[in-house]
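Asker: Sequence first, predicted model second:
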Amino acid sequence: TGAGAILQISGSMTNNGTVNNSGAATLAGTLTNNVNFNTLAGFSLNVNAGATLTNTGNVNNAGSLTNNGTITNNNQFVNTGTASNNGVFNNNNVLNNQVGGTFNNNAGSSMSLNFGTQLLNGGTFTNASGINSFGLIQNDATFTNNGTITSNSGGQVDNNGLNFTNNGTLSTSDQFRNDGTFFNQGIINVSAGSVLNNFGNFTNRSGGTMNNLQEIRNKQPNGIFTNNGTLNNNVRFFAEDDVINNAFFNSIGDVFIEPGGGKITNTELLYLNAGNLKNQGTLVNSNKIWVNDCSTLNNVAGATINNNGNLELHGILFQRGTLAGNAVNNQGGYIHTAPTSAAPSVCQNGTFAADINGDVKVYASQLISNANFDSCANIVYLANGQDRPVFHCSDIGTVLNLNVVLRTRLLDSLTCVAQVTPVDLLEPQFS
């Protein structure tokens, strides 16, 4: 179209050549582009509500593109101007918002990225609605999510840019990688099957919530992970480089401080909530670490805990490394310093009565003397290799020595010997 021309497509149009739009184009019908449809800088294309643009060639927007209808991209969709999606955008290949481009996925719209597809951002991309992705979302510049992004199994979120900010909800079920700068002020769900690898600067800001339902790894050589909000670790968290907790780190899963540079610095509350922390690096505490009844903290040989705050112990501390600073605030927990797992004082002896069949059934957890951790889902209890050994009439009145093992998910264990005496307290039955 000529400069300043008005193009109105009300019916059905198929383009098998090149259209250079240098005017104001409005699509009110159906447009199928098989080759090139270019909107030049300073000019516009509006897709009306109910209209459909299907691209199997190349759509290049250097001007202004507004979609109130449906765009289906089966090949290359390139934006270096301003694009606004108020309708439906189905991406089946490559959506490329290049340097200088601004793409707004506005409230009330929808965007889908199908398997094997790509959303590449080298400009400014803002999502205020919903993006449902089975493909790659890659940010190399500025990406702001104020809506909902769901990255499903087979999908990937990859941030290389200086600014990816999540103010809405971002849920991942596969690969999530940060090599740039990432800020969260909304909700991030690292769902089952997903792994978040941080090689850059990742900050969970005040008011932000991260729910880890699978795995987070803060990686070397440059990973810095800072929590200023709420971090809920339900499965696995690996500190291979610097992790800084300035707010609430709640772990019902397992935390690993890795050797060779792994470090967690806690300035607020690190709460081991029926979880385990294995320190093979450095743990620095200037406020409070709470190890609850069913939690364990393992400071291995060669590792260091610098405790300048309150390390409150209700569970188990395996202390074989360096513990500097303040003493442990032991609130009914157990501190195990021996190089082996032998812990005689953990066991308690007992007398157990036979049932009506003459069987004596003993739960291994009944042989643990410390009531703080005698019934924890985080811990496996075995007596002579069984969780509930059974004894019979021939054992009545005999003092039996049972080898008791208390073992965590991380295979840290305490062992002891308990004496069990089966007895028969039932009155004889006559018929």
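Answerer: Nice, thanks for sending it over. Numbers count the residues shown, from 1 in each chain.
Asker: list the buried ones in stretch 100-107?
Answerer: Residues of stretch 100-107 classed as buried: 101-106 (neighbour count, 16 or more other C-beta atoms under 10 Å). For every residue, glycine as well, the C-beta is placed using N, CA and C.
Asker: Would you tell me which strand is longest in this protein?
Answerer: If you go by DSSP state E, the chain has its longest strand at strand 413-423.
Asker: That one: how far from the chain's middle?
Answerer: On the basis of C-alpha atoms, centre = their mean, to the nearest Å, strand 413-423 sits 40 Å off its chain's mean C-alpha point.
Asker: That strand - contacts with which helices or strands?
Answerer: strand 350-353, strand 400-408 (3 or more C-beta pairs under 8 Å, 6 or more residues apart in numbering; DSSP states H and E).
Asker: Just name the most buried of those strands.
Answerer: A comparison of these by mean neighbour count, using mean count of other C-beta atoms under 10 Å, puts strand 400-408 on top with a mean of 19.
Asker: between that strand and strand 413-423, what angle do the directions make?
Answerer: 150 degrees (axes from the mean of the first three to the mean of the last three C-alpha atoms, to 10 degrees).
Asker: Show the average pLDDT along strand 400-408.
Answerer: Over the span of strand 400-408, the pLDDT mean works out to 95.
Asker: Can you list the buried residues in the longest strand of the chain?
Answerer: 413-416, 418, 420-422.
Asker: how about low-confidence regions in the protein?
Answerer: Under the criterion pLDDT under 70, the flagged ranges of the chain are 1-5, 371, 374, 427-431.
Asker: let's see it at 80
Answerer: 1-7, 370-375, 427-431 (pLDDT under 80).
Asker: where exactly do the helices run in it?
Answerer: With DSSP state H, there are no helices along the chain.
Asker: rewinding a little: what lies in contact with the longest strand of the chain?
Answerer: 316, 334, 336, 341-354, 360, 362, 367, 383, 391, 395-407 (C-beta atoms under 8 Å, 6 or more residues apart in numbering).
Asker: coming back round to it: select, out of the helices and strands packed on strand 413-423, the one closest to Asn329.
Answerer: With C-beta to C-beta, the closest approach to Asn329 among the helices and strands packed on strand 413-423 belongs to strand 400-408: 21.3 Å.
Asker: Give me the helices and strands touching the closest one, please.
Answerer: Going by 3+ C-beta pairs under 8 Å, 6+ apart, strand 400-408 lies up against strand 379-383, strand 413-423.
Asker: Can you name the residues in contact with it?
Answerer: If you take C-beta under 8 Å, 6+ apart as the criterion, strand 400-408 is touched by 276, 296, 316, 341, 346-347, 362, 364, 367-368, 373, 378-385, 389, 391, 413-422.
Asker: Work out the gap between that strand and the centre of the chain.
Answerer: Offset of strand 400-408 from its chain centre (C-alpha atoms, centre = their mean): 35 Å.
Asker: Extract the C-alpha set from it and format it as CSV.
Answerer: What follows is strand 400-408, C-alpha atoms only, in CSV (Å, rounded to 0.1, in the frame of the first residue of the first chain):
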residue,chain,number,x,y,z
LEU,A,400,15.7,-59.7,73.6
ASN,A,401,18.4,-57.3,72.2
LEU,A,402,17.2,-55.4,69.2
ASN,A,403,19.4,-53.4,66.9
VAL,A,404,17.6,-50.1,66.4
VAL,A,405,18.3,-47.7,63.5
LEU,A,406,17.0,-44.2,63.1
ARG,A,407,17.6,-43.1,59.5
THR,A,408,16.7,-39.8,57.7
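Asker: In its sheet, which strands sit next to that strand, and in what direction?
Answerer: Paired strands of strand 400-408, with direction, are strand 379-383 (antiparallel), strand 413-423 (antiparallel) (DSSP bridges).
Asker: who wins for proximity to Gly260 among the ones you listed?
Answerer: Short answer: strand 413-423, nearest of those by C-beta to C-beta, at 25.3 Å.
Asker: ok, so what distance separates Val157 from Asn48?
Answerer: Using C-beta to C-beta, to the nearest Å, Val157 is found at 32 Å from Asn48.
Asker: Give me the more crowded residue out of these two.
Answerer: Between Val157 and Asn48, Val157 has the larger neighbour count (other C-beta atoms under 10 Å), namely 27 against 16.
Asker: For the more buried one, which residues are in contact?
Answerer: With C-beta under 8 Å, 6+ apart, Val157 has these contacts: 137, 149, 151, 170, 172, 175-177.
Asker: Of those residues, which is the nearest to Ala41?
Answerer: Compare each of the contacts of Val157 with Ala41 using C-beta to C-beta and the shortest gap goes to Ile137, at 26.6 Å.
Asker: Would you confirm that that closest one contacts Ile131?
Answerer: Yes. Ile137 lies in contact with Ile131 (C-beta atoms under 8 Å); the separation is 7.5 Å.
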